[in-house]
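Trainee: quick one: sequence and predicted model below, then my questions.
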Amino acid sequence: MKCEHCTRKECSKKTKTDDQENASVDVPSPAQENGEKGEFHKLADAKIFLSDCLACDSCVSAEERIQVSQQNAKDFFQVLNLNKKCDTSKHKVLAVSVCPQSLPYFAAKFSLSVTDASRRLCGFLKSLGVHYVFDTTIAADFSILESQKEFVRRFRQHNEEEPALPMLTSACPGWVRYAERVLGHPVTPHLCTAKSPQQIMGSLVKDYFARRQNLSPDKIFHVIVAPCYDKKLEALQEDVPMASRGSRGTDCVLTSGEIAQMMEQSDVSVRDAALDTLFGDVKEEELRRHDGAGSDGYLAHIFRHAAKELFNEDVGEVTYRALRNKDFQEVTLEKSGEVLLRFAAAYGFRNIQNVVLKLKKGKFPYHFVEVLACAGGCLNGRGQAQTADGRTDKALLQKMKGIYADIPVQLPEASTHVQELYQEWLDGTDSPRVQEALHTAYQGPGQPTDSRDIKW
Ligand code: SF4
């Protein structure tokens, strides 16, 4: 993996073949380098898959590589082991937050219902010494609600001189890193400024939950269980607002596959347990998901919200039309033969490349694009459902899709916890604290004139 070409103008992905796209780059962990073995020494060392991370090899610095490789089971067990020692000054509260796209993997892999899988996972983590296990769906609620508001604002502001559209989603760290480090200014102003679910979960745990528990944020070790390795890179960039300054929102990301290996190799006895919530003794009653096939469903939620807010149209079922392939789909709102809204979902590198090319040519037909780095969406993240040779386990993925589809859908607007948090934590829905906790800004390489020279 090279790392010295961040400023070059020709993307290395351009000439990549399918085989290369599936190749992985080993990142030796410090333990591996020193010949040490961790507690679950057979765990796979952290890998960055080129197909995971649209940030091509030129976008990850040597320092970031080291920091990513340090987010592994050894890091996690180090905290657990320190908690067993007498020196209480080194003890930390261990909180684990699980992405909703990870749960179907555990259910499919261990042949359990998704509810039983979440109880088994939670019980396993608690039996190791984890104090709290949360679900990141509540963070995705915030991210979707803020994205909806931003789309409507951009739509109203949009004009030829200062185009605010299209809006491109920003929840996938592989895509965002690629946009920031390779594409730069022509693309970054179009990225939605709402933080990703992982970033918001970091703020919720290290700011809201820490204050509720009278804990300093640095006394909490926050782990995210995620479907991909790209989220390890994302954890390095998180800025946590307010009281939590100086402490990262997420200290360590472990993939679903890494956790499953721990479960398989562990001999601790496990008592199933319900997921925790951020609200003291209240337990998570029922799993729920957002309306998207294997993602958090930004497109469907924003489409319905925009149709109502901008055109007073109620949209029931969102109808997708596959264009070039099943990972490039279009959704339109039409009235009297006129297209009022034109949205697209573009998953996987080739479809993203197509979107970017259209955007650069200045003839872009979409108001909004849901962009995800992985073909098929987050269920197909490279940190889960992989065969030993690094390819997608298609049978397992198929099972996961069915399991995910069966989880009940709940609109983010319907969450009373979210509405309460807006008031209690953020001083309302339109306050400076909302901006600080739920929104971010993007960087791009070089000046706008430089990045226009990118060759494809
Ligand atoms: S699409 Fe989902 S799983 Fe894939 S890199 Fe992006 S966030 Fe990770």
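Mentor: Yes, it's here. These figures come from a predicted structure and were not determined experimentally. Residues are numbered from 1 along each chain as shown.
Trainee: residue contacts, residue 83?
Mentor: Residue 83 makes contacts with 91-92, 94, 129, as judged by Cβ atoms under 8 Å, 6 or more residues apart in numbering. In this view, the C-beta of every residue, glycine as well, is placed from N, C-alpha and C.
Trainee: cutoff 10 Å now
Mentor: Contacts for residue 83 (Cβ atoms under 10 Å, 6 or more residues apart in numbering) come out as 90-94, 129-131, 221.
Trainee: between those residues, which has the most around it?
Mentor: Using other Cβ atoms under 10 Å as the neighbour test, the contacts of residue 83 are led by residue 221, with 25 neighbours.
Trainee: host element of that residue?
Mentor: In this assignment (DSSP states H and E), residue 221 forms part of strand 220-226.
Trainee: partners of that strand in the sheet?
Mentor: Take DSSP bridges as the rule and strand 220-226 pairs in its sheet with strand 93-98 (parallel), strand 252-255 (parallel).
Trainee: re the thing from before, how about the contacts of residue 83, which pair is most distant?
Mentor: The span of those, defined through Cβ to Cβ, is set by 90 and 130 at 16.8 Å.
Trainee: what about the strands in the stretch 251-400 of the chain?
Mentor: Counting by DSSP state E, counting those that start in this stretch, the stretch 251-400 of the chain has strands at residues 252-255, 321-325, 328-335, 338-347, 368-372.
Trainee: tell me what the second one is packed against?
Mentor: In other words, strand 321-325. Contact analysis of strand 321-325 by 3 or more Cβ pairs under 10 Å, 6 or more residues apart in numbering; DSSP states H and E lists strand 328-335, strand 338-347, helix 349-361 as its packing neighbours.
Trainee: picking that back up, from the contacts of residue 83, pick the one nearest residue 391.
Mentor: residue 130 (31.5 Å).
Trainee: just confirm the closest one is within a strand.
Mentor: No. Going by DSSP: H, G, I helix; E, B strand; the rest coil, the assignment for residue 130 is coil, not a strand.
Trainee: so who does the residue lying closest to residue 79 once chain neighbours are set aside touch?
Mentor: The spatial neighbour of residue 79 that comes closest, neighbours along the chain excluded (Cβ to Cβ, 6 or more residues apart in numbering), is residue 221 at 4.7 Å. Shown in contact with residue 221 (Cβ under 10 Å, 6+ apart): 75-76, 78-80, 82-83, 91-96, 130-131, 205, 247, 250-252.
Trainee: from the chain's centroid, how far away is the strand holding residue 221?
Mentor: Offset of strand 220-226 from its chain centre (Cα atoms, centre = their mean, to the nearest Å): 13 Å.
Trainee: got the residues of the chain near the ligand?
Mentor: 52, 172-174, 227-228, 230, 372-374, 378, 381 (Cβ under 6 Å from any ligand atom).
Trainee: the closest residue to the ligand within the stretch 351-456 of the chain - how many residues pack around it?
Mentor: Here the stretch 351-456 of the chain gets closest to the ligand at one residue, residue 381, 2.8 Å apart by Cβ to the nearest ligand atom. For residue 381, the tally of surrounding residues (other Cβ under 10 Å) stands at 32.
Trainee: then the one 5 residues further on?
Mentor: The number of residues packed around residue 386, counting by other Cβ under 10 Å, is 20.
Trainee: what sits opposite it in the beta ladder?
Mentor: Residue 386 has these beta-bridge partners by DSSP bridges: residue 392.
Trainee: hang on, it packs against residue 258?
Mentor: No. Using Cβ atoms under 10 Å, residue 386 is not in contact with residue 258; the gap is 11.5 Å.
Trainee: check the residue located most distally from the centre of the chain and give its pLDDT.
Mentor: Most distant residue from the mean C-alpha position of the chain: residue 336, 38.1 Å away (Cα atoms, centre = their mean). Residue 336 carries a pLDDT value of 92.
Trainee: for the ligand, see how far away it is.
Mentor: Distance of residue 336 to the ligand, given as Cβ to the nearest ligand atom, to the nearest Å: 37 Å.
Trainee: so residue 211 touches residue 219, yeah?
Mentor: No. Using Cβ under 10 Å, residue 211 makes no contact with residue 219, being 12.0 Å away.
Trainee: flag the shaky bits of the stretch 101-250 of the chain, pLDDT-wise.
Mentor: Residues of the stretch 101-250 of the chain that meet the criterion pLDDT under 70 lie in 238-246.
Trainee: repeat the analysis, applying 50 as the threshold.
Mentor: Scanning the stretch 101-250 of the chain for pLDDT under 50 picks out 243.
Trainee: how about the helix or strand hosting residue 127 as PDB, C-alpha atoms only?
Mentor: Here residue 127 is covered by helix 114-128, with elements defined by DSSP H and E. Listed in PDB are the C-alpha atoms of helix 114-128, where the atom choice follows Å, rounded to 0.1, in the frame of the first residue of the first chain:
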ATOM      1  CA  VAL A 114     -32.400 -11.500  14.500                       C
ATOM      2  CA  THR A 115     -33.800 -10.800  18.000                       C
ATOM      3  CA  ASP A 116     -32.100 -13.900  19.400                       C
ATOM      4  CA  ALA A 117     -28.800 -13.000  17.600                       C
ATOM      5  CA  SER A 118     -28.800  -9.600  19.200                       C
ATOM      6  CA  ARG A 119     -29.500 -11.100  22.700                       C
ATOM      7  CA  ARG A 120     -26.700 -13.600  22.100                       C
ATOM      8  CA  LEU A 121     -24.200 -11.000  21.000                       C
ATOM      9  CA  CYS A 122     -25.200  -8.700  23.800                       C
ATOM     10  CA  GLY A 123     -24.900 -11.600  26.300                       C
ATOM     11  CA  PHE A 124     -21.500 -12.600  24.900                       C
ATOM     12  CA  LEU A 125     -20.100  -9.000  25.200                       C
ATOM     13  CA  LYS A 126     -21.400  -8.600  28.700                       C
ATOM     14  CA  SER A 127     -19.900 -12.000  29.700                       C
ATOM     15  CA  LEU A 128     -16.500 -10.600  28.600                       C
END
